[in-house]
Structure formats: structure tokens, C-alpha cells
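1. My questions are about this predicted structure, shown below with the sequence.
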Amino acid sequence: AQSVTQLDSQVPVFEEAPVELRCNYSSSVSVYLFWYVQYPNQGLQLLLKYLSGSTLVKGINGFEAEFNKSQTSFHLRKPSVHISDTAEYFCAVSLVSGNTPLVFGKGTRLSVIA
Amino acid sequence: EAQVTQNPRYLITVTGKKLTVTCSQNMNHEYMSWYRQDPGLGLRQIYYSMNVEVTDKGDVPEGYKVSRKEKRNFPLILESPSPNQTSLYFCASSGTGANSPLHFGNGTRLTVT
């Protein structure tokens, strides 16, 4: 079965600084990868997804992520964060075969400091 | 507007009093799922449904029931709630295929005293 590890539970960063949220996955077969964002008092919404093709994926709000198969990673980056990026971010993985539900990491809380 | 609607948003109840949290989607999605979110534990899947009349246990099904009589609705039932079921609950839906992203409701915050 697949699994996801988000290495940092909390990441504080100053406004306009770059940020990287780390995600590693474990799977013996091909996967699809997703990042979701949860703003305060809201449900999760899709930020970006990797299905195939280019390993650099661009999402909403200036975020991007890079799929690295050899390191089984899918780290999320943004070159300059805003206060409004304060939220919880979840990495998730599903198997290309589609036989098992999506598996989520435990989340990383990004706090942007003015 | 495409959406997943959960009701109620907030619920306070007492131990043992049966309750139902409703979930409805208007996107004709086959797949629906319930999660609970707790601090430090992330999202944990309770039950999921691949289609009408097909439901399966997730990671933490104990103390919960679900039904999928219609494609659009997927209610979560707590027959005898206990304080350890105090949590934030999310319903989600998606189309078929592992590459289909999930669409989430806005959550139901349940407190069991």
C-alpha cells in the first residue's frame, strides 16, 4: 500500500520569502500525486496535481511542485509567500491502477509572518 | 455551482444520542468518502463508496455507518456517539479514476459531551 510523509508539521516563514513544503511518498507502483490546501474554517481544495508528463507542475496562487521519481518526492514551492498563504497543506497519493483510495499525509501548517 | 454540501456545519450532542450528518454532491460523481480531521493526525478516512449501494471501510470505521442509496447523497450515521468522536468531519466526492481530484465539503464540527 502507498503512504505519504510530510516531513514538517509546521513551517513559519516571513512574508515575501520563499518556501518549500516537503512531501515523500512510498509506493512500489506508479502513482498520481496531489497537493491540497485548507484555509481556516474551510474544506480542502486542490492546489495542483501530477498525473504524467512534465515533472514540474504549476498550480493556483503561484505554487508549483516537482515530481522526483528517484527520490520519491513531490515538494511544494512558492518563490514569495503572502499573508494569505497561511493555511494547512496536504500532500496525497493515489495508485495509477486505481484500486485503492487516495492517501493523505498528516499536513503541514504554513504560517506567514508579516 | 459544482459543490459538496454538508449539514450541519456545527453540531453539539450528548453521548449515545444518534445523529446523522448529511452530504450531497451535484457533480454526478461516482466516488464519495468521509474523513475525520484531528490535530496531529491529519485526515483519516472513515468510509468510502465507489458507487450506489457499494460502500467500504476506510481506516477508522468503528462507531460509524454510511449508506449510498442515491448517487448524490452519502450520509454519515453515528448510532451511539461517544466523546472520542468529537472531531471535524469532511465529505468529499470525485469522478471515477485515480487521477480525479477530490472535491470537499466545508466540514462539520461535531462535539460529543
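-> Received, thanks. Residues are numbered from 1 along each chain as shown, chains lettered A, B, ... in the order given.
2. what residue lies at the spatial centre of chain B?
-> When Cα atoms, centre = their mean is applied to chain B, the residue found nearest the centroid is B:W34 (2.9 Å).
3. Skipping adjacent residues, who's closest to that residue in space?
-> For B:W34, ignoring the flanking residues on the chain, the nearest one in space by Cβ to Cβ, 6 or more residues apart in numbering or on different chains is B:I46 at 4.3 Å. Quick note: C-beta positions are derived from backbone N, CA and C, even for glycine.
4. Could you tell me which residues make contact with the one you found?
-> B:33-36, B:58-61, B:64, B:66, B:76, B:89 (Cβ atoms under 8 Å, 6 or more residues apart in numbering or on different chains).
5. Over to A:K106?
-> Taking Cβ under 8 Å, 6+ apart, we find A:K106 in contact with A:6, A:9, B:40-42.
6. just checking, which of the residues you listed belong to strands?
-> A:6, B:42 (DSSP state E).
7. For the contacts of A:K106, give me a markdown table that also has distance to B:L19.
-> A markdown table is the format used below for those (distance: Cβ to Cβ, whole Å):
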| residue | distance to B:L19 |
| --- | --- |
| A:Q6 | 32 |
| A:S9 | 31 |
| B:G40 | 25 |
| B:L41 | 22 |
| B:G42 | 24 |
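8. who in chain A is up against chain B?
-> Chain A comes close to chain B at residues A:9, A:32, A:34, A:36, A:41-46, A:49, A:51, A:90, A:94-98, A:101-102, A:104-107, as judged by Cβ under 8 Å from any Cβ of the partner chain.
9. List the residues that contact the residue nearest to the centre of chain B.
-> B:23, B:45-48, B:58, B:64, B:66, B:74, B:76, B:89-92.
10. Right, I'll leave it there.
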